[in-house]
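In: Sequence plus the predicted model coming up.
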Amino acid sequence: MADMAATPIGAVPAVPKTPRSAAERQEARVGLLLSLPAILLVFVFIILPVAAVITLGFTNFELGYASFEFVGFENYVELLGDRTFMQSLWNTGIYAVIVTPISIFMALGLAMLIEAEGIGRSFFRTAYFLPVASLLVAMATVWQYLFHPTIGPINTMLAMIGIAGPNWLGAANTVLYSLSIIGIWQSVGFNLVLFLAGLTAIPRELYAAAEVDGAKTAWDRFRLVTWPMLGPTTLFVTTISVISSVKVFETVKTLTEGGPNKASEVLLYTIYQEGFVYLRVGYASAMTVVFLAILVVLMFLQYRIQDKQVHYV
């Protein structure tokens, strides 16, 4: 009676916590032991390198010198006045703005065409995925031939219709767009496979229900069923595409090395130059921190904007 009087009317009495049994404690220890290798790998290969890069960004460390000093924010102040860094940042942004949306919408369109076509579906999936499986450095040689100003097939075909083809990789006003074409070609196949998986997971009954509700045209079915149901896939594809575009390096290193006149120099190539050519590891680390910060901000903004429009099933 005293315990009942002490509990307010309408309040839920507190349920006493039961101590964990020996079996539960043993299960928790086994779970921790099984996850220990993954925890160690994350710590050694992700957390420690990031911490080292952040620390080195505050130093004047150079390869070949036995000692270094902490210089505070001097490297970051130097970045603000570095024209090469600003140019590479601008080029990376332009490249990402071109490659990301075009590769996403091209992949979505091709995925819908392949999904609607019953014959040869496996062939087209494999054909469009080949650029992803190919060695990009080797394929860059093929693109160098295609974009060649005199013997390249692209300029040869343009000459047949009376158009003088540009020097695709050798002119400052076309080199970044040429690299963007290669980036789109590389990204479409991977995005297409992801969209195909998303399209396959959409229940066919939804299309029948939408048609009963008045969605007679293909555009209505896409707008009311396909696009909303592809929300999680689109969010993932956008994230992967943005990261891949900002991380462009191989094609620049193989085809242009940042030229002509730094018109194709991107952020990762500038970091590579500073760290492994000029051996200014501290300055390159500061650039890397800025690069990682840009990626984090882009991913945060993207999830804040897109996640509200995603319908999870």
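Out: Arrived safely, thanks for sending.

In: quick one: Val296 and Ala51, what's the gap?
Out: 15 Å (C-beta to C-beta, to the nearest Å). In short, each C-beta sits where N, CA and C put it, glycine included.

In: ugh, typo on my part, it should be Ala172
Out: Per C-beta to C-beta, Ala172 is found 39 Å from Ala51.

In: how many other residues sit next to Ala201?
Out: 12 (other C-beta atoms under 10 Å).

In: oh sorry, the question was meant for Pro37
Out: Pro37: 9 neighbours (other C-beta under 10 Å).

In: just for the stretch 101-250 of the chain, where's the confidence low?
Out: Applying pLDDT under 70 to the stretch 101-250 of the chain flags residues 118-120.

In: Could I get the full set of helices for it?
Out: All helices of the stretch 101-250 of the chain, identified by DSSP state H, counting those that start in this stretch, fall at 121-133, 136-146, 153-160, 175-200, 204-212, 218-221, 227-229, 231-246, 250-251.

In: tell me what the second one is packed against?
Out: Translated: helix 136-146. Contact analysis of helix 136-146 by 3 or more C-beta pairs under 8 Å, 6 or more residues apart in numbering; DSSP states H and E lists helix 153-160, helix 175-200, helix 250-251 as its packing neighbours.

In: how about these in TSV, adding mean neighbour count and distance to Arg304?
Out: Listed next are these as TSV, based on neighbours: other C-beta atoms under 10 Å; distance: least, C-beta to C-beta, whole Å:
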stretch	mean neighbour count	distance to Arg304
helix 153-160	13	41
helix 175-200	21	22
helix 250-251	21	31
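
In: With respect to Gly258, which of the ones you listed lies nearest?
Out: helix 175-200 (9.6 Å; C-beta to C-beta).

In: Just the angle for that closest one relative to helix 121-133, thanks.
Out: On the basis of axes from the mean of the first three to the mean of the last three C-alpha atoms, to 10 degrees, helix 175-200 is oriented at 140 degrees to helix 121-133.

In: one step back: quick one: which of the helices and strands packed on helix 136-146 is nearest Ser244?
Out: helix 175-200 (6.0 Å).

In: which other helices and strands contact that closest one?
Out: helix 83-116, helix 121-133, helix 136-146, helix 231-246, helix 250-251.

In: need the helices of the stretch 101-250 of the chain in JSON lines with distance to Leu40, can you?
Out: Output for these, formatted as JSON lines (distance: least, C-beta to C-beta, whole Å):
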{"stretch": "helix 121-133", "distance to Leu40": "31"}
{"stretch": "helix 136-146", "distance to Leu40": "31"}
{"stretch": "helix 153-160", "distance to Leu40": "50"}
{"stretch": "helix 175-200", "distance to Leu40": "30"}
{"stretch": "helix 204-212", "distance to Leu40": "45"}
{"stretch": "helix 218-221", "distance to Leu40": "50"}
{"stretch": "helix 227-229", "distance to Leu40": "39"}
{"stretch": "helix 231-246", "distance to Leu40": "25"}
{"stretch": "helix 250-251", "distance to Leu40": "30"}
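
In: Any idea which of those gets closest to Arg25?
Out: Closest among the helices of the stretch 101-250 of the chain, once you apply C-beta to C-beta, is helix 231-246, at 37.3 Å.

In: Show me what the closest one is packed against.
Out: Using 3+ C-beta pairs under 8 Å, 6+ apart, helix 231-246 sits against helix 83-116, helix 175-200, helix 281-306.

In: Out of those helices, the one nearest Leu267 is which?
Out: Of all those, helix 83-116 sits nearest to Leu267, with 4.5 Å by C-beta to C-beta.

In: Now do the buried residues in that closest one.
Out: 85, 87-89, 91-92, 95-96, 98-100, 102-104, 106-108, 110-112, 114-115 (16 or more other C-beta atoms under 10 Å).

In: packing partners for it?
Out: Using 3+ C-beta pairs under 8 Å, 6+ apart, helix 83-116 sits against helix 121-133, helix 175-200, helix 231-246, helix 267-272.

In: if you set the cut-off to 6 Å instead, what comes out?
Out: Packing partners of helix 83-116 (3 or more C-beta pairs under 6 Å, 6 or more residues apart in numbering; DSSP states H and E): helix 175-200, helix 231-246, helix 267-272.

In: would a markdown table of these with distance to Leu63 be doable?
Out: Below are those laid out as a markdown table (distance: least, C-beta to C-beta, whole Å):
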| stretch | distance to Leu63 |
| --- | --- |
| helix 175-200 | 29 |
| helix 231-246 | 26 |
| helix 267-272 | 13 |
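
In: Quick check: which of those is nearest to Val30?
Out: Comparing the helices and strands packed on helix 83-116 by C-beta to C-beta, helix 231-246 comes nearest, at 32.4 Å.

In: angle of the closest one against helix 281-306?
Out: Using the same axes, to 10 degrees, helix 231-246 lies at 160 degrees relative to helix 281-306.
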